[in-house]
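*Asks:* need coordinates for the following:
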Amino acid sequence: MATFGTLSDRLTETFRNLRTKGKLTPADVDGTVREIRRALLDADVALPVVKDFTAKVRERALGDEVNRALNPAQQVVQIVNEELVAILGGQQRRLQFAKNPPTVIMLAGLQGSGKTTFAGKLAHQLEKDGHTPLLIAADLQRPNAVNQLQVVAERAGAAIYAPEPGNGVGDPVRVARDGVEVARRQQHDVVIIDTAGRLGVDAELMKQAADIRTATDPDEVLFVIDAMIGQDAVNTAKAFQDGVDFTGVVLSKLDGDARGGAALSVASVTGRPIIYASTGEGLDDLEAFHPDRMASRILDLGDILTLIEQAQQAFDEEEAMKMAEKLATEQFTLEDFLEQMQQMRKMGSMKKMLGMLPGMGSMKDQLENFDEREIDRTEAIIRSMTPAERRNTKLLNGSRRLRIARGSGMTVTDVNQLVQRFEQAAKMMKTVARGGVPNIPGMGPVPGAGRPGASSKRGKQQKAKGSRSGNPAKRAAENAGLAAAPATPTGSGFGLGGAKGTPSEADLAELQKLLGKG
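*Replies:* Model (predicted):
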């Protein structure tokens with residue numbers, strides 16, 4: 001389920017209707033604002049936030065900045081984008097670390113909001129950044145909360161302080177205070193305190209949280225809220241702000257809600273920034289919250305920066321240089337192809353990565369039907385080959401292909417298709433590495449590709465080409481037909497040839513073929 005899927009669909013449809021208008025009248029603006037208001041309310045955004053947001057959009061949309069714009073519809077989209085960034089918090093805010101370690105981070109929130117899971121994810125991320133976090137099990141009320149944190153800490157590779165068994169036994173305030181002292185003695189530079197929650201806001205919950213805050217004097221108090229609770233998010237956030245006063249917000253389970261109203265409400269109502277967003281169950285499914293990037297996702301403008309950052313983390317620069325050299329010297333093999341697939345796995349879900357591309361919101365059905373298990377099948381086929389066969393596909397005769405098919409649990413046809421697609425992809429990549437013009441399936445040579453300033457003999461020949469018929473009328477008709485013909489194929493391959501620059505359904509099918517069987 002796509003984050004903000006419902007809201008994104010409604011807003012995209014609203015702006016699509018605007019693009020047909022050369023000039024916007026006040027009635028057009030009012031109609032657009034009315035649709036935006038309905039979309040936000042359907043997404044469970046708090047009513048005060050909706051009123052303030054739509055009033056600002058209407059005021060700016062009726063102003064001179066739209067009237068003077070060459071493309072009023074695009075200007076309105078820009079205004080909505082800027083206002084979305086504003087209600088999401090404006091600028092990104094990172095964790096504030098103490099000048100004198102340890103940095104104390106206290107987690108607060110209702111029971112079931114995802115505090116314990118987030119504690120493990122945050123510890124894992126801090127470990128990767130070179131910190132030495134210590135998790136403190138101060139949730140002594142919820143059954144097996146201490147055991148859960150111990151399991152999470154082990155998975156994250158982080159230290160844990162859990163002197164009490166929990167299940168209603170022990171003093172959470174004393175555990176939190178003693179844990180900070182242990183961290184100071186053992187030279188842990190970050191402390192993460194997992195506190196207890198309740199099924200609802202009550203005085204006992206607030207008193208315990210306030211006492212832990214007083215005893216530990218945390219540098220950050222992060223309020224963890226379930227993004228799926230909708231309108232109630234505002235009331236819960238206000239209650240915690242009055243009772244504990246948090247410094248930042250963490251949205252958990254953001255991937256499980258297509259509406260996402262909590263994200264658009266909490267930051268605006270409380271005035272506290274959203275620092276993290278949890279987007280899955282894995283330890284790596286934790287993103288720093290960027291208001292501008294999230295606004296772009298909502299408006300189906302893509303999130304290329306996050307995609308680039310994930311690629312930089314997954315791909316080793318030195319290995320990438322070696323791979324480029326192999327491509328240039330025609331040494332790219334199935335072993336290298338397998339290694340590239342494994343590095344892509346590190347980036348996470350293929351669906352998630354494709355969803356970050358601009359314009360992919362209109363292709364949700366195709367994305368949902370994209371079978372990522374084809375990567376496993378492709379890997380099984382390659383691993384069933386001998387090292388010599390991976391390095392030289394010409395060795396693959398009929399009996400070898402039958403053996404590979406049986407070893408991978410696939411058919412000979414599957415093996416044949418993989419080898420054929422690999423050879424086509426390798427040929428295309430070699431052409432690009434040499435500075436040539438690649439032929440993309442379904443669209444021919446890529447316009448503008450190759451070395452800068454290089455001319456194409458074929459292009460010159462086509463330019464001079466014309467009818468040589470001795471009949472003047474026939475010659476004129478044939479020349480008119482040549483002039484009307486498209487210079488390049490009109491199909492789109494991987495988003496390179498389409499009018500909108502976004503992948504088409506055929507492109508996704510082509511990508512599916514490259515990853516596995518068609």
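*Asks:* low pLDDT regions in the protein?
*Replies:* 1-6, 20-22, 64-70, 230-231, 255-260, 263, 300-331, 343-372, 429-518 (pLDDT under 70).
*Asks:* recalculate using a threshold of 50.
*Replies:* Within the chain, the ranges that satisfy pLDDT under 50 run 1-2, 303, 438, 440-465, 482-502, 517-518.
*Asks:* can you pull out the strands in it?
*Replies:* Ranges of strands in the chain, per DSSP state E, are 103-108, 133-138, 159-161, 190-195, 220-226, 248-252, 274-278, 286-288, 439-440, 444-445.
*Asks:* for those strands, which one sits closest to residue 150?
*Replies:* strand 159-161 (5.9 Å; C-beta to C-beta). Every C-beta, even on glycine, is put in place using the N, C-alpha and C of the backbone.
*Asks:* now for the closest one, which elements pack on it?
*Replies:* Applying 3 or more C-beta pairs under 8 Å, 6 or more residues apart in numbering; DSSP states H and E, one finds that strand 159-161 contacts strand 133-138, helix 145-156, helix 172-185.
*Asks:* just want the angle from the first one to helix 172-185.
*Replies:* Which is strand 133-138. Relative orientation of strand 133-138 versus helix 172-185 (axes from the mean of the first three to the mean of the last three C-alpha atoms, to 10 degrees): 160 degrees.
*Asks:* just the angle for strand 133-138 relative to strand 190-195, thanks.
*Replies:* Compare the direction of strand 133-138 with that of strand 190-195 by the same axes, to 10 degrees and you get 20 degrees.
*Asks:* before we move on, what about the last one?
*Replies:* With the same axes, to 10 degrees applied, the angle from helix 172-185 to strand 190-195 works out at 170 degrees.
*Asks:* residues in contact with helix 172-185?
*Replies:* Around helix 172-185, the neighbours that count as contacts under C-beta atoms under 8 Å, 6 or more residues apart in numbering are 101-102, 104, 106, 134, 136-141, 161, 163-164, 191, 193, 195-196, 208, 211-212, 215-216.
*Asks:* with mean neighbour count added, can I get the strands of the chain in a markdown table?
*Replies:* As requested, those are exported to a markdown table (neighbours: other C-beta atoms under 10 Å):
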| stretch | mean neighbour count |
| --- | --- |
| strand 103-108 | 26 |
| strand 133-138 | 29 |
| strand 159-161 | 21 |
| strand 190-195 | 29 |
| strand 220-226 | 25 |
| strand 248-252 | 26 |
| strand 274-278 | 23 |
| strand 286-288 | 19 |
| strand 439-440 | 18 |
| strand 444-445 | 16 |
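*Asks:* and the helix ranked longest in the chain, what does it pack onto?
*Replies:* In the chain, taking DSSP state H as the definition, the longest helix is helix 412-433. Secondary-structure packing of helix 412-433 (3+ C-beta pairs under 8 Å, 6+ apart): helix 317-328, helix 334-346, helix 373-383, helix 398-408, strand 439-440, helix 505-515.
*Asks:* apply 7 Å and report the result again.
*Replies:* Other helices and strands packing on helix 412-433, by 3 or more C-beta pairs under 7 Å, 6 or more residues apart in numbering; DSSP states H and E, are helix 317-328, helix 373-383, helix 398-408, helix 505-515.
*Asks:* please enumerate residues in contact with the third one?
*Replies:* The list of residues contacting helix 398-408 from outside it, by C-beta atoms under 7 Å, 6 or more residues apart in numbering, reads 380-381, 384-385, 389, 411-412, 414-416.
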